[in-house]
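Chemist: how does the following fold in three dimensions:
(chains A, B, C and D)
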Protein chains: 2
Amino acid sequence: MAPKATLGDDLFERLLELIYSCELPPGAIVNESALAARFAVSRGPVREAVRRLQGIQLVSREPFMRARVITLEPRAVRELFEMREALEGYACRLAAQRMDAAEIERLAAGLEHNRSRALGGDEHQSPAESFDFHERIVRASGNARIVDTLCGDLYHLLRLYRRWSGAAGERRSIAYTEHRQILLAIRGRDGELAESLMRSHIARAAENVLRNLPASAEDAGSDAGVSAA
Amino acid sequence: MAPKATLGDDLFERLLELIYSCELPPGAIVNESALAARFAVSRGPVREAVRRLQGIQLVSREPFMRARVITLEPRAVRELFEMREALEGYACRLAAQRMDAAEIERLAAGLEHNRSRALGGDEHQSPAESFDFHERIVRASGNARIVDTLCGDLYHLLRLYRRWSGAAGERRSIAYTEHRQILLAIRGRDGELAESLMRSHIARAAENVLRNLPASAEDAGSDAGVSAA
DNA sequence: AGGGCTATAAGTGTCAACAATTCATCCCGG
DNA sequence: CCGGGATGAATTGTTGACACTTATAGCCCT
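Modeler: Now for the predicted structure:
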């Protein structure tokens, strides 16, 4: 139905999936030739896809060196969440100023819908739906550049960190409360408050993720990493 | 002295310079073959460099379409400055918390040095040095991800907009005052104030740039662009 | 036995040709 | 005179081979 995409674009998605599924675990070396053979394409498209991964900093890059999937260093996690605080906070402020009433009500409906479903059975669906709330607000900011940066780059990383550290779930009911406060601030058109709440919300999530980290040497500086798999 | 860089990396810098010098003006089509012939390399490295330009959104990208240098649309300018407000504001807050005393004094010295030099002759050197102040603060934030996003991506765009719109210079003395206020907030370790001041500073700069725009159809939506050169 | 050097192997960077797609032109019909 | 469709040219996407760099393994020397 959509044969317009190029091979490189497809490969990008597939490599992303490979990383998500931990078939390419953190720290794994990304071999262009091997991947080319695996997907039955030439090295050109693979190279292009890998370069895009490197562009959003999912794999390391040094000129002639072998590329590796990034690892879960506390410093990187901290930096990611700080950037989210800055960007999503501001996006939330913009959304509070710019969303129209109908949009706000759709957001509220989605939030309540997810809550009622969460009170039921589906436990593991939750993180994706938490994303949904954040993503809707970001997209409502009316700033395509911020949207692209968050949804196109940072959220990939965030999903990875969530999956790798296995940290998610127990914060769900708390998250609902915080989400609801944010929604109320948006509904009241209080951009200042909405930004502040979103920042706190993300900061708490960061603490939660950082707590469940393997080696919690936050400010160690030099990295003594994952050598033995 | 540094022959370790690959051709693709060199080409990236050179294409950047080509865009800065308006040899590739806004809206110009970026022809891989032509550039390859011009720089006496194959299309591979050129392709890679162009893809990197596309990655930071300096040239447009659609699968089989010809790539074009982006144009100076008011919407994009607004979005760029909004993102700067979010990111640099937060970076400024972090810097206020994390810079050590010696670093702050170096920043102050640089600011005064530029001022005294600005009071002298060199008029056109000023914008680069204004960047210097901002860039120092950003780098002092201690967040490599934010630093890369701002200094690696957004600042390229910012320089372009400045050059294309020709807007710079008359705000210099005002900028000094605002820079000085920011410095004082940092020295007082008031992250909240520093962020607020930085945001206002950038917002004012945005207004200044948007004022000097050719067609000021801010929320026009559809673009009627530069067809005749 | 351990450290440093060399040779081999593996992997990345680059190139030139081929295939697929889009853009420009021209012709035709209305 | 204008719009639509086919044709040819220009441009991008893809491929496989070659050149260069880095990593691995083995060897010699101390």
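Chemist: excluding sequence neighbours, find me the nearest residue to residue A:143.
Modeler: residue B:79 (4.8 Å; C-beta to C-beta, 6 or more residues apart in numbering or on different chains). In short, each C-beta sits where N, CA and C put it, glycine included.
Chemist: in what helix or strand does the one you found lie?
Modeler: Assigned by DSSP states H and E, residue B:79 belongs to helix B:74-98.
Chemist: would you confirm that residue A:136 contacts residue A:107?
Modeler: Yes: assessed by C-beta atoms under 8 Å, residue A:136 is found in contact with residue A:107 at 5.5 Å.
Chemist: which one of these two has more residues nearby?
Modeler: Legend: neighbour count by other C-beta atoms under 10 Å in any protein chain shown for residue A:136 and residue A:107, higher for residue A:107 (22 against 16).
Chemist: so who does the more buried one touch?
Modeler: A:99, A:133, A:136-137, A:140, A:183, A:186 (C-beta atoms under 8 Å, 6 or more residues apart in numbering or on different chains).
Chemist: now the helix or strand where it lies: buried residues?
Modeler: Residue A:107 belongs to helix A:101-119 when assigned by DSSP H and E. Neighbour-count burial for helix A:101-119 flags A:104, A:107, A:111, A:114-115, A:118 (criterion: 16 or more other C-beta atoms under 10 Å in any protein chain shown).
Chemist: report the rounded mean pLDDT for it.
Modeler: For helix A:101-119, the mean pLDDT works out to 87.
Chemist: run the angle between that helix and helix A:74-98 for me.
Modeler: Put simply, helix A:101-119 runs at 130 degrees to helix A:74-98, going by axes from the mean of the first three to the mean of the last three C-alpha atoms, to 10 degrees.
Chemist: report whether stretch A:93-102 contacts chain B.
Modeler: Yes: using C-beta under 8 Å from any C-beta of the partner chain, stretch A:93-102 comes into contact with chain B via residue A:94.
Chemist: on that earlier part again, in JSON lines: the buried residues of helix A:101-119, plus distance to residue B:15.
Modeler: Putting the buried residues of helix A:101-119 into JSON lines (distance: C-beta to C-beta, whole Å) gives the following:
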{"residue": "A:104", "distance to residue B:15": "44"}
{"residue": "A:107", "distance to residue B:15": "42"}
{"residue": "A:111", "distance to residue B:15": "45"}
{"residue": "A:114", "distance to residue B:15": "46"}
{"residue": "A:115", "distance to residue B:15": "50"}
{"residue": "A:118", "distance to residue B:15": "49"}
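Chemist: distance of residue A:106 from residue B:66?
Modeler: Residue A:106 sits 38 Å away from residue B:66, taking C-beta to C-beta, to the nearest Å as the criterion.
Chemist: one more: residue A:180?
Modeler: 48 Å.
Chemist: enumerate the residues of chain A near DNA strand C.
Modeler: Applying C-beta under 7 Å from any atom of the strand, we find that chain A lies next to DNA strand C at A:3-4, A:29-34, A:43-44, A:47, A:63-67.
Chemist: residue ranges of each domain in chain A, please.
Modeler: With domains defined by automatic domain parsing, chain A comprises A:7-68, A:74-211.
Chemist: nearest to DNA strand D among the ones you listed would be which one?
Modeler: domain A:7-68 (2.4 Å; C-beta to the nearest atom of the strand).
Chemist: ok, so of the buried residues of helix A:101-119, who is nearest DNA strand C?
Modeler: The closest of these, once distances to DNA strand C are taken by C-beta to the nearest atom of the strand, is residue A:107, at 36.0 Å.
Chemist: show me which residues of stretch A:30-37 are buried.
Modeler: A:30, A:32, A:35-36.
Chemist: an error on my part: the question was meant for stretch A:186-204.
Modeler: So for stretch A:186-204, counting by 16+ other C-beta under 10 Å, buried means A:186-187, A:190-191, A:193-199, A:201-202.
Chemist: for the residue positioned nearest the centre of chain A, give me its contacts.
Modeler: Central residue of chain A (C-alpha atoms, centre = their mean): residue A:155, 2.0 Å from the mean position. Applying C-beta under 8 Å, 6+ apart to residue A:155 gives the contacts A:131, A:135.
Chemist: could you give the angle of the host helix or strand of it to helix A:74-98?
Modeler: Using DSSP H and E, residue A:155 maps to helix A:155-165. If you take the same axes, to 10 degrees, helix A:155-165 sits at 130 degrees to helix A:74-98.
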